[in-house]
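>>> show me the folded form of this:
(4 chains)
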2 protein chains.
Amino acid sequence: MIENRRQVRTDGTGNADILETAAQCFMEQGFSATSIDDVARRLGATKGRIYHYYSSKTDLFFDVHREGLERLFQAVEPVMGIEGSGVVRLRAMLTAHAMAMMTNAAFEAVVVQGVHMHRMAATTPDQRRTLDDLIAIRRRFEGLFKQVLQEGVDDGSIRNIDISISAKAMLGAINWLSVWYRPASDETEMDRQMLAERIVTTQIDGVRS
Amino acid sequence: MIENRRQVRTDGTGNADILETAAQCFMEQGFSATSIDDVARRLGATKGRIYHYYSSKTDLFFDVHREGLERLFQAVEPVMGIEGSGVVRLRAMLTAHAMAMMTNAAFEAVVVQGVHMHRMAATTPDQRRTLDDLIAIRRRFEGLFKQVLQEGVDDGSIRNIDISISAKAMLGAINWLSVWYRPASDETEMDRQMLAERIVTTQIDGVRS
DNA sequence: GTCTATATGGTGATAGAC
DNA sequence: GTCTATCACCATATAGAC
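The predicted structure follows:
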């Protein structure tokens, strides 16, 4: 589980709506082109409501980002402990990750966008800390995959590759889903599952013994 | 070669400096957090100079984007025609792509950022056309890889996979370099070559027969 | 907790000197 | 072709009613 949890947010006080709507706006228009008014309008409210919960647009973006990461953890961590060799578990994790990218498309699009915000100018010290937090969480997420990759190498189910590079490449292949994946209107869970399997299979075949 | 060429730009009239500097700013701070004044300051000039060549910040961003794409084509197209089976040529293309991502880190970071700009609000019809242009060029780039993948499937050097999905996944793995790759201060061409080989090898092993 | 105002500032963009 | 000076706008953020 994530240590750096949000304290109160998304507790059903109406805040989850803001998060969801903001995610959608940020996905469609990007951070810069999205105004607080845009989010408010889509909520059927005014910005007074948003500023009651978030002290800035950046804070809002960061909280969407954090929620996106949390959902990734919730998808991947449970399957990390299944029975099987390293490569078997790795496959399950990658598949779960891919599914989460599609299921939570808006939130994960914000995560991918957030990855580009290195030193977003004019952030307050507080925001700087929050960003560092998010970076640490992302690193922890990558760590999950590195760990299982290493276990796979140790148990012989995965070739003797460079763990760090392979992890980044595999995660890149899957994260890239957020760039091109758009759900068809009549898309089923099965369709997504099929797509996930295909992407993951080539990634797994690239590293397995 | 790219058909939709810039007409005059990057012809050594001093404009190339603007492009280079803008690329750096956009890479470090992102589109929204980069002001025209930032770019000008870094150029040791004022924004008058920039507005002499570009009519808007978006236009400038788009031109950096286009230059980034052009460099990718220049890296990949030459090796596309080498002797060898589909998988051999694919490997060479992916390696060239990965090298270009690192060599032109700033420009390619803008390309990757630009991918998120779907319907950037408030663009003029003219900018909208330019964006459509860029999207078409990106698609053409992906097409190069799909073509060679297909040739590999036909000549039996590549497994019978879904071409479109595999292309996107492989390109994602390589494009993701722009997210995490930071050149070491004493890095050599050889170091980059080694890194590229490692990434590409797992991608190739994932699809070859 | 959400609204309606409003202030404030920054930044994109322009005009005109040189 | 580049500068200085300035405009004009708009989005962030705030204050205070309800």
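>>> who's in contact with A:Val207?
By CB atoms under 8 Å, 6 or more residues apart in numbering or on different chains, the residues touching A:Val207 are A:87, A:90, A:149, A:152, A:158-159, A:161, A:166, A:170, B:202, B:205-206. Any C-beta I mention is one placed from the backbone N, CA and C, and that applies to glycine too.
>>> check those against DNA strand C, which are close?
With the criterion set as CB under 7 Å from any atom of the strand, no member of these is near DNA strand C.
>>> roughly how far is the longest helix along chain A from the heart of the chain?
If you go by DSSP state H, chain A has its longest helix at helix A:125-154. Its chain's C-alpha centre and that of helix A:125-154 lie 12 Å apart, by CA atoms, centre = their mean, to the nearest Å.
>>> for A:Gln74, what are phi and psi?
phi -60, psi -30 (degrees, to the nearest 10).
>>> helices or strands up against the longest helix of chain A?
Applying 3 or more CB pairs under 8 Å, 6 or more residues apart in numbering or on different chains; DSSP states H and E, we find helix A:125-154 packed against helix A:57-80, helix A:86-103, helix A:163-175.
>>> can you check the pLDDT for A:Gln123?
Just so we're on the same page, residue A:123 is Thr rather than Gln. A:Thr123 carries a pLDDT score of 76 in this model.
>>> try A:Thr10
As predicted, A:Thr10 sits at a pLDDT of 41.
>>> tell me which residues in stretch A:172-183 are buried?
A:172-179, A:181 (16 or more other CB atoms under 10 Å in any protein chain shown).
>>> likewise stretch A:162-169?
Using 16+ other CB under 10 Å as the test for burial, stretch A:162-169 gives A:162-163, A:165-169.
>>> pLDDT added to the residues you listed, as CSV?
Below are those laid out as CSV (pLDDT from 0 to 100):
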residue, pLDDT
A:Asp162, 98
A:Ile163, 98
A:Ile165, 98
A:Ser166, 98
A:Ala167, 98
A:Lys168, 98
A:Ala169, 98
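>>> hmm, which two among these are most spread apart?
A:Ile163 and A:Ala169 (11.0 Å; CB to CB).
>>> still on that earlier bit, please see if the longest helix of chain A touches DNA strand D.
No - counting by CB under 7 Å from any atom of the strand, DNA strand D is not contacted by helix A:125-154; separation bottoms out at 9.0 Å.
>>> for the residue in chain A sticking out farthest from the centre, which non-adjacent residue is spatially closest?
In terms of distance from the mean C-alpha position of chain A, A:Gly156 ranks first, at 29.6 Å (CA atoms, centre = their mean). Once flanking residues are discounted, A:Gly156 sits nearest to A:Ser209: 6.1 Å by CB to CB, 6 or more residues apart in numbering or on different chains.
>>> near the one you found, how many other residues are there?
13 (other CB atoms under 10 Å in any protein chain shown).
>>> same deal with A:Leu195?
Counted with other CB under 10 Å, A:Leu195 comes out at 18.
>>> thought A:Val153 was touching A:Ser166?
No - using CB atoms under 8 Å, A:Val153 is not in contact with A:Ser166; the gap is 9.8 Å.
>>> so how far is the host helix or strand of A:Ala22 off the chain centroid?
If you go by DSSP states H and E, A:Ala22 is part of helix A:15-33. Relative to its chain's centre, helix A:15-33 lies at 14 Å (CA atoms, centre = their mean).
>>> returning to that earlier point: relative to helix A:57-80, how tilted is the longest helix of chain A?
Put simply, helix A:125-154 runs at 20 degrees to helix A:57-80, going by axes from the mean of the first three to the mean of the last three CA atoms, to 10 degrees.
>>> just the buried residues of helix A:125-154, please?
For helix A:125-154, a neighbour-count test (16+ other CB under 10 Å) marks A:127, A:130-131, A:133-134, A:137-138, A:141-142, A:144-149, A:151-153 as buried.
>>> ok, stretch A:30-37 next?
For stretch A:30-37, a neighbour-count test (16+ other CB under 10 Å) marks A:30-34, A:36 as buried.
>>> residues contacting A:Leu195?
A:98, A:102, A:181, B:165.
>>> from B:Asn104, how far off is the last one?
To tie it back to what came earlier, the one meant is B:Ile165. Look at B:Ile165 and B:Asn104: by CB to CB, to the nearest Å, they are 27 Å apart.
>>> let me know the closest of the buried residues of stretch A:162-169 to DNA strand D.
The closest of these to DNA strand D turns out to be A:Lys168 (CB to the nearest atom of the strand; 32.0 Å).
>>> list the helices and strands the helix holding A:Ala22 packs on?
By 3+ CB pairs under 8 Å, 6+ apart, helix A:15-33 packs against helix A:36-43, helix A:47-53, helix A:57-80, helix A:105-114, helix B:15-33.
>>> what's the most buried one of those helices?
Of all the helices and strands packed on helix A:15-33, helix A:105-114 carries the top mean neighbour count, a mean of 24, counting by mean count of other CB atoms under 10 Å in any protein chain shown.
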